[in-house]
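[1] make a model of this:
(one chain, ligands or ions: 3)
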Amino acid sequence: MKILVINAGSSSLKYQLYDMSNESVLAKGRVERIGMDSSILVHQPKNGEEVSQVSEILEHTTAIRKVLKILTHKEHGVIESTQEIEAVGHRVVHGGESFKGSVVVDQEVKTKIRRLFALAPLHNPAAMLGIEAAEKNMPGVPQVVVFDTAFHQTMSEKAYLYPIPKVLYKKHHVRRYGAHGTSHEYVSRIAADFLKRPVEELKMITCHIGNGASLAAIQNGISVDTSMGLTPLEGLMMGTRSGDIDPAIVPYVMNKEELTINEVDSMLNKHSGLLAISGISSDMREITEGMIAGYPNATLAFEMYEYRLRKYIGSYAAAMNGVDVIVFTAGVGENSIILRERVLTNLTYLGVELDKEANSVISGEPRRISAPNSKVEVLVVPTNEELVIARDTHRLVQNLIRNV
Ligand SMILES: Nc1ncnc2c1ncn2[C@@H]1O[C@H](COP(=O)(O)OP(=O)(O)O)[C@@H](O)[C@H]1O
Ligand SMILES: CC(=O)OP(=O)(O)O
Ligand SMILES: [Mg+2]
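    Ligands and ions are numbered 1, 2, ... in the order given. Presented below is the predicted three-dimensional model:
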């Protein structure tokens, strides 16, 4: 079965086409700058050259149409016809309490996802655009949604409730949901396999540090706590998101600067984090270059980012009364040697001993970066949210076919 996996962002859309007979990726790519001038589609076929096309792509329906066109292109394509695509799997960040696992899309599922727009304003509306665009371009093809929040539905009340009037939970479902669950679950399983230990016996802290960033405390194989909250704004300092701040800052700043709710929301989600402190970029590569070049605001941004991450690791070690394994994953976690080094050389009190040489290796494979005498195993595990989405889609669509 061939499955198209879509991870739609507000102005981007990443895709991978899987052949599930051997879980191979036939092609992958991304469309960037949707709705802006000169959108770009970058397409990488399995055995071919990367191609990029610049054109006007005003919305997601056109983006998907272009993706399907290039997937079936005579020269760059990997399939004869779009009819070979038997199912589409989508990443949806927020599933609220409605979804504890992946589901096949129907009207009710779409209504529920729409109700959750306000809880993941950067992500859920984009995912819905992706779903609708796929429906338009591939009518009748089953679609599956895989939620970032699902893995964290195992948290206990003491971890997911906020100490605010309980009526807000009852009436408006205000609680911690977390995100990146697909990634936290996947890397925790790969890490346990790598260590040849049952995941149920390990206390793990998984650090998904990408553009969005979150930590999970995983005990007995289930998520017991995670740093993102009601929305993906809480927790770590991120590219453009503030992460934790004193909540009183919100009314204070709204009053002083005469900001509206939307303006303050945009300030915290889009104009904060690394971008705000460095004044240069939300991209960790540029921050690191700025720091090395001696630019003080880049250094400060890096130090705040590292410090906040390290404090969270400490708090999750406290939450579980110990930690056996720390895992780094996602864009920054997998690639930033310097960030991992700074974090880990300051966790010696936990018994962490870094192997600097192993930490400097650049690789796409799971690997150990702690020294043999380290009390805590520290691993880098490349995440693969798309593979998990493809597997869930495959399983659910096969069930669907069986039950027809
Ligand atoms: N070599 C690198 N060093 C430091 N950061 C990197 C490196 N490569 C990628 N990144 C960072 O990874 C982040 C993107 O991570 P990713 O997991 O792809 O995010 P998302 O899925 O949220 O778009 C960017 O901030 C980028 O700077
Ligand atoms: C939930 C979230 O922050 O996702 P991303 O890292 O893809 O922005
Ligand atoms: Mg991501």
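
[2] list the buried residues for stretch 219-232?
    Residues of stretch 219-232 classed as buried under the neighbour-count rule (16 or more other C-beta atoms under 10 Å) are 219, 221-232. Yep, even glycine has a C-beta here, placed from its N, CA and C like the rest.

[3] could you give me the average pLDDT of that stretch?
    When pLDDT is averaged over stretch 219-232, the result is 97.

[4] hmm, it touching ligand 2?
    Yes - against ligand 2, stretch 219-232 shows contacts by C-beta under 6 Å from any ligand atom at Pro232.

[5] quick revisit: farthest-separated two in the buried residues of stretch 219-232?
    Spatially, the most separated pair among those is Gly221 and Thr231, at 26.1 Å (C-beta to C-beta).

[6] tell me which residue of the protein lies closest to ligand 2.
    Using C-beta to the nearest ligand atom, the point where the chain gets nearest to ligand 2 is Gly212, with a distance of 2.1 Å.

[7] mind listing what that residue touches?
    179-180, 228, 232, 238-239, 241 (C-beta atoms under 8 Å, 6 or more residues apart in numbering).

[8] what about 6 Å?
    When the contact criterion is C-beta atoms under 6 Å, 6 or more residues apart in numbering, the partners of Gly212 are 232, 238.

[9] kindly report the same for Glu334.
    When contacts are taken as C-beta under 6 Å, 6+ apart, Glu334 is in contact with 380, 382.

[10] now it: phi and psi?
    phi -80, psi -30 (degrees, to the nearest 10).

[11] what do you get for Val105?
    phi -70, psi 130.

[12] again, but for Leu168
    Here the main-chain torsion angles of Leu168 (degrees, to the nearest 10) amount to phi -70, psi -30.

[13] so the closest residue to it other than its chain neighbours: helix, strand or coil?
    Spatially, and ignoring its direct neighbours in sequence, Leu168 is nearest to Val174 (4.3 Å; C-beta to C-beta, 6 or more residues apart in numbering). Three states are possible here, and by DSSP: H, G, I helix; E, B strand; the rest coil the one that applies to Val174 is coil.

[14] wait, Val174 touches Lys166, no?
    No - under the criterion of C-beta atoms under 6 Å, Val174 is not in contact with Lys166, lying 9.5 Å apart.

[15] and the two? Which one has more around it.
    A direct count of neighbours by other C-beta atoms under 10 Å for Val174 and Lys166 places Val174 higher, at 17 against 11.

[16] what does the stretch 151-300 of the chain have sitting close to ligand 2?
    In this structure, the stretch 151-300 of the chain approaches ligand 2 at residues 179-180, 210-212, 232, judged by C-beta under 6 Å from any ligand atom.

[17] quick one: stretch 266-281 near ligand 1?
    No - residues of stretch 266-281 contacting ligand 1 under C-beta under 6 Å from any ligand atom: none, with a closest distance of 7.8 Å.

[18] no no, stretch 293-309
    No - in terms of C-beta under 6 Å from any ligand atom, no part of stretch 293-309 sits within range of ligand 1; the closest distance is 10.3 Å.

[19] gap between the closest residue to ligand 1 within the stretch 301-404 of the chain and Asp324?
    When distances are taken as C-beta to the nearest ligand atom, the stretch 301-404 of the chain approaches ligand 1 most closely through Gly331, which lies 2.0 Å from it. Distance, Gly331 to Asp324, using C-beta to C-beta, to the nearest Å: 25 Å.

[20] circling back: for the residue of the stretch 301-404 of the chain closest to ligand 1, what are its contacts?
    For Gly331, the set of contacting residues under the criterion of C-beta under 6 Å, 6+ apart consists of Gly210.

[21] that one and Ala213, how far apart?
    Gly331 sits 9 Å away from Ala213 when distances are taken as C-beta to C-beta.

[22] what about Thr341, which SS state?
    Not Thr; residue 341 is Glu. Judged by three-state DSSP, the three-state class of Glu341 is helix.

[23] what does the stretch 151-300 of the chain put close to ligand 1?
    In this structure, the stretch 151-300 of the chain approaches ligand 1 at residues 210-212, 239, 283-285, 288, judged by C-beta under 6 Å from any ligand atom.

[24] understood, closing this out.
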